[in-house]
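Engineer: Predicted model follows, preceded by the sequence.
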Amino acid sequence: MAKPGVTFPPEVIAEDLYENLRLNPSITEFTVVDRDAATGFMTRMALNEMLGGRYGFSLYSKKKVQQLIKTDFLRVNYNVPVNQVSRLAMQRPFERLYNPIVVEKDGKYFGIVTIKDLLDACTKVEVDTAMHCNPLTGLPGNLLIEKEILSRVFGNTPYCITYYDIDNFKAYNDAYGFQNGDIMLVLVADILKECATKNEFIGHIGGDDFIVICDYHGGEDYCKTIIDHFTLKVSSLYRDEDLENGYIVSKNRHGVTENFPIASLSIAGISNQVKAYQNIDDFSKDIALLKKKCKRQPGNYYEIQ
């Protein structure tokens with residue numbers, strides 16, 4: 001989103017800068033860049049106010065621009081998500097609320113983003129997300145999930161991708177009804193969101209399948225916390241007699257009556273700490289095998305490779 005913007009070196013004299021802006025009315029703001037690094041920011045209006053008035057021009061016209069600019073401007077790294085930048089921008093004092101944001105890459109000036117472009121992008125993100133979210137849980141659906149997975153697998157930053165499956169969910173759904181089944185799905189979605197503390201991406205693949213993508217290695221602590229919260233809260237969705245028995249009576253997929261344990265979670269995860277994937281097929285095969293292994297374990301179980 002960043003555009004080049006207008007830059008000046010720090011040694012430019014204020015009166016020369018003023019004349020430059022007078023001849024170029026399209027310049028509404030500029031960044032002072034010293035050896036590729038942004039050192040200050042100023043709007044045309046701020047410069048005009050400084051040089052205007054009875055004594056302004058005589059006081060400041062011979063000074064270098066570096067002595068006049070604001071050094072506490074908002075700067076962000078080029079790969080920060082637009083929603084985070086928007087929050088930072090809206091936290092600024094009123095007089096600077098609509099100033100463009102300076103964008104940097106590897107500590108060097110990269111460009112600027114106007115508030116209009118930022119808000120337009122945020123609106124588009126919100127609309128796209130709403131269109132592709134699961135209607136029950138409000139979590140991102142498969143299209144957004146696939147995009148997030150691909151960005152991690154083909155990137156070079158740490159990640160841990162974990163898949164969540166509710167064991168014995170079909171039996172619960174059949175015994176308690178779809179409405180209660182939906183309540184259990186929303187419960188899991190809420191727990192995943194409540195336990196997220198490091199900006200984890202949370203998605204709803206469909207049915208009783210969820211995904212959490214962490215931008216760090218080792219999601220074990222997160223998985224343990226999810227299991228603890230789920231175990232504590234899921235009991236409220238069962239009748240006392242079923243909790244006392246430790247199972248519910250329902251029909252399996254072949255129509256045969258069977259005893260099914262209280263719902264639990266199977267969590268399979270893969271990180272790139274040990275193995276880096278070159279293509280999505282290898283990743284898909286490994287996670288599919290691990291998910292099958294986790295589903296075969298009784299009760300709550302997680303494993304991250």
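Structural biologist: The structure has been received and is ready for your questions. Residues are numbered from 1 along each chain as shown.

Engineer: List the contacts of Q297.
Structural biologist: Contacts of Q297 were listed using Cβ atoms under 8 Å, 6 or more residues apart in numbering, and they are S266. (Each C-beta comes from the backbone N, C-alpha and C, glycine too.)

Engineer: wait, is it part of a strand?
Structural biologist: No - with DSSP: H, G, I helix; E, B strand; the rest coil as the criterion, Q297 is assigned coil and is not in a strand.

Engineer: what residues are up against G53?
Structural biologist: Contacts of G53 (Cβ under 8 Å, 6+ apart): none.

Engineer: Look up the pLDDT of it for me, please.
Structural biologist: According to the prediction, G53 has pLDDT 76.

Engineer: SS state for it?
Structural biologist: Taking three-state DSSP, the label given to G53 is coil.

Engineer: domain ranges for this protein?
Structural biologist: As assigned by automatic domain parsing, the chain contains the domains 7-120, 132-304.

Engineer: is it possible to export these to JSON lines including distance to E126?
Structural biologist: Listed next are the domains of the chain as JSON lines, based on distance: least, Cβ to Cβ, whole Å:
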{"stretch": "domain 7-120", "distance to E126": "8"}
{"stretch": "domain 132-304", "distance to E126": "10"}
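
Engineer: just checking, C223 touches I304?
Structural biologist: Yes - taking Cβ atoms under 8 Å as the definition, C223 is a contact partner of I304 at 7.2 Å.

Engineer: Specify which residue of the two has the higher count of neighbours.
Structural biologist: More neighbours surround C223 than the other of C223 and I304, with 25 against 20 (other Cβ atoms under 10 Å).

Engineer: Contact partners for that one?
Structural biologist: By Cβ under 8 Å, 6+ apart, the neighbours of C223 are T162, I267, G269, Y302, I304.

Engineer: now, which of the residues you listed lie within strands?
Structural biologist: T162, I267, G269, Y302, I304 (DSSP state E).

Engineer: check contacts around the first one.
Structural biologist: Shown in contact with T162 (Cβ under 8 Å, 6+ apart): I211, V212, I213, C214, G219, Y222, C223, I267, A268, G269, Y302, I304.

Engineer: now the helices for this protein?
Structural biologist: Here the chain has its helices, by DSSP state H, at 14-23, 44-51, 56-60, 82-90, 115-131, 142-153, 169-176, 178-194, 220-234, 240-245, 280-295.
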